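*Asks:* Structure of the sequence below:
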Amino acid sequence: MDKLLQYGRELIELELYEAKKLPDRLGDDFVKACQLILTAKGKVVVSGIGKSGHIGRKIAASLASTGSPAFFMHPSEALHGDLGMVSANDVAILISYSGRAKEFSFILPTLAEMNVPVIAITGGLDSPLALAAQAVLDISIEKEACPIGLAPTSSSTNTLLMGDALAIAVMRARGFKEEDFARSHPAGSLGARLLNHVSDVMRRGELIPKISKKATVLDAMLELSRTGLGLVAVCDENDIVIGVFTDGDLRRLLLKQGTLQDMIVDVMTVPGYRLPENWKAIEALKSFNDHNITAAPVVDSQGKLVGALNIHDLHQAGIS
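*Replies:* Below is the predicted model:
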C-alpha cells in the first residue's frame with residue numbers, strides 16, 4: 001500500500017515539475033497562435049495521433065464550447081478523404097511531441113498549398129512540424145513521469161495544459177460569457193439556468209389558476225384546490241391581473257371570521273406580485289427568494305394574464 005502511494009505521488013510530482021516550466025515559454029508564438037484562431041473565418045482543425053490524438057479531441061471540444069468552432073480530424077482518416085473537410089478559411093492545430101509524425105509529412109504540404117496556417121504543439125522545436133508552422137507552442141520535457149520513459153505522461157499533461165491555455169486565452173479575448181457557454185450546452189444545468197425564460201417553464205391554459213373580479217372567496221378556494229398552485233389570479237373582463245389571492249390569504253381570512261361568501265375584490269392582495277413573461281427563469285427564482293414567495297401569475301407587457309409559475313416548476317426545469 002505504501003509503495004502504491006509513493007508511485008502515485010512521484011508521478012504527480014514529476015508531472016508538476018515539468019508543467020511549471022510552461023508559463024515561462026509563453027511568448028510571441030503563443031500570442032500569434034491566439035491571433036490566428038481569433039481572426040480565422042473558418043474553423044479550427046485539430047489533429048494528432050495516439051495519445052496526442054486523445055488530447056487533441058479534448059482541445060477541439062474545449063475550443064468549440066468556448067466560442068471557437070473546432071473539430072478533430074484523425075491524421076490517418078485525413079489521408080483518405082477527411083482533408084476535404086478543411087477549407088482555406090480554417091486554421092490547423094497539429095499535435096506531435098516529436099514533431100515527426102509520419103502522417104503529418106503528407107498533410108503539411110496540402111495545408112501549405114491551401115494557405116491554411118498551422119499551429120504546432122510539439123516538443124521537437126527543430127522538427128519538420130515546427131519548421132512548417134506559423135506558431136510553435138513548446139511542450140518539451142526533460143523526462144516522462146513513466147519510470148521506463150515510454151508512456152506519454154508528462155508530455156501529455158503539458159499538451160493538455162497548453163491546449164487549455166490556448167482555448168481560454170482566446171475565449172477571454174472574445175469576451176465569451178456564461179450565456180454564450182450555455183448556448184453550446186443547452187441540455188446542462190447551466191443552459192437551463194441561463195437560456196430558459198419564464199415563458200418557457202410557466203403553466204398555461206387550464207393549468208392557470210384564475211377567477212374574475214366578480215367571484216367570491218368560495219370560487220377562489222375551489223380554484224386553489226383545482227390547480228394546486230397556492231394562489232389564484234384575480235382578473236378583469238380583459239384578463240388584466242388586478243390582484244392575487246393565496247391559500248395563506250384564505251386561512252388568515254377564515255381565522256378573522258371572514259366567510260366564503262365574501263367578494264374576492266374585498267379581500268384580495270392588490271396589486272399582488274406578478275412575473276413578466278420575458279424574464280429569464282433564473283431571475284424569477286431570485287425574485288421568489290427575495291420576496292419570500294413560492295408562486296406568482298405571469299403577465300405580458302400589458303399586464304394580461306398569460307401563465308402561472310411556482311418554485312417547483314423552476315426546480316423541475318433544472319433551475320436552482
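*Asks:* can you give me the strands for the stretch 101-250 of the chain?
*Replies:* Secondary structure of the stretch 101-250 of the chain by DSSP state E, counting those that start in this stretch: the strands cover 118-122, 135-138, 210-212, 231-235, 241-246.
*Asks:* contacting residues around Pro117?
*Replies:* Leu36, Val91, Ala92, Gln134, Ala135 (C-beta atoms under 8 Å, 6 or more residues apart in numbering). The way it works is simple: take the backbone N, C-alpha and C, and place the C-beta from them, glycine included.
*Asks:* Check Val299 too.
*Replies:* Contacts of Val299 (C-beta under 8 Å, 6+ apart): Val241, Arg274, Leu275, Pro276, Glu277, Leu305, Val306.
*Asks:* so can I have TSV of those showing pLDDT and distance to His80?
*Replies:* Compiled in TSV, the contacts of Val299 are given as follows (pLDDT from 0 to 100; distance: C-beta to C-beta, whole Å):
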residue	pLDDT	distance to His80
Val241	92	65
Arg274	86	61
Leu275	89	56
Pro276	91	56
Glu277	90	53
Leu305	93	61
Val306	92	56
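*Asks:* And stretch 130-138, how far out from the chain middle?
*Replies:* 31 Å (C-alpha atoms, centre = their mean, to the nearest Å).
*Asks:* Tell me where the model's unsure across the stretch 51-200 of the chain.
*Replies:* 178-195 (pLDDT under 70).
*Asks:* about what we covered before: now, which of the contacts of Val299 sits nearest Lys43?
*Replies:* Set against Lys43, the nearest of these by C-beta to C-beta is Glu277 (37.1 Å).
*Asks:* returning to that earlier point: I'd like the contacts of Val299 as CSV, with secondary structure appended.
*Replies:* CSV is the format used below for these (DSSP: H, G, I helix; E, B strand; the rest coil):
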residue, secondary structure
Val241, strand
Arg274, coil
Leu275, strand
Pro276, strand
Glu277, coil
Leu305, strand
Val306, strand
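*Asks:* Among these, which one lies nearest to Asn196?
*Replies:* For these, the nearest to Asn196 is Glu277 (12.1 Å; C-beta to C-beta).
*Asks:* quick one on the thing from earlier: just curious, which of the contacts of Val299 is nearest to Gly318?
*Replies:* Using C-beta to C-beta, the contacts of Val299 come closest to Gly318 at Leu275, 18.3 Å.
*Asks:* How many neighbouring residues does that closest one have?
*Replies:* 22 (other C-beta atoms under 10 Å).
*Asks:* Bridged to it, which residues?
*Replies:* On the basis of DSSP bridges, Leu275 is bridged to Val298.
*Asks:* In contact with it, which residues are there?
*Replies:* Val198, Met202, Ala284, Ser287, Ala296, Pro297, Val298, Val299, Leu309.
*Asks:* How about the last one, nearest residue that isn't a chain neighbour?
*Replies:* So that's Leu309. Met202 (4.5 Å; C-beta to C-beta, 6 or more residues apart in numbering).
*Asks:* How many neighbouring residues does that neighbour have?
*Replies:* Neighbours of Met202 under the rule other C-beta under 10 Å: 23.
*Asks:* what residues does the helix ranked longest in the chain touch?
*Replies:* Using DSSP state H to define each element, the chain has its longest helix at helix 154-174. Residues outside helix 154-174 that contact it (C-beta under 8 Å, 6+ apart) are 14-15, 18-19, 22, 26, 30, 33-34, 37-38, 51-52, 55-56, 58-59, 62-63, 66-68, 93, 95, 97, 119, 121, 123, 137, 139-141, 143-145.
*Asks:* Buried subset of those, written for PyMOL?
*Replies:* In PyMOL, this line selects whichever of the contacts of helix 154-174 come out buried by 16 or more other C-beta atoms under 10 Å:
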select buried, resi 14+15+18+19+22+26+30+33+34+37+51+52+55+56+58+59+62+63+66+67+68+93+95+97+119+121+123+137+139+140+141+144+145
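*Asks:* mind listing which of the contacts of helix 154-174 are in strands?
*Replies:* Per DSSP state E, strands hold the following members of the contacts of helix 154-174: Ile93, Ile95, Ile119, Ile121, Leu137.
*Asks:* which one is Val44 nearest to, not counting chain neighbours?
*Replies:* Ala70 (3.8 Å).
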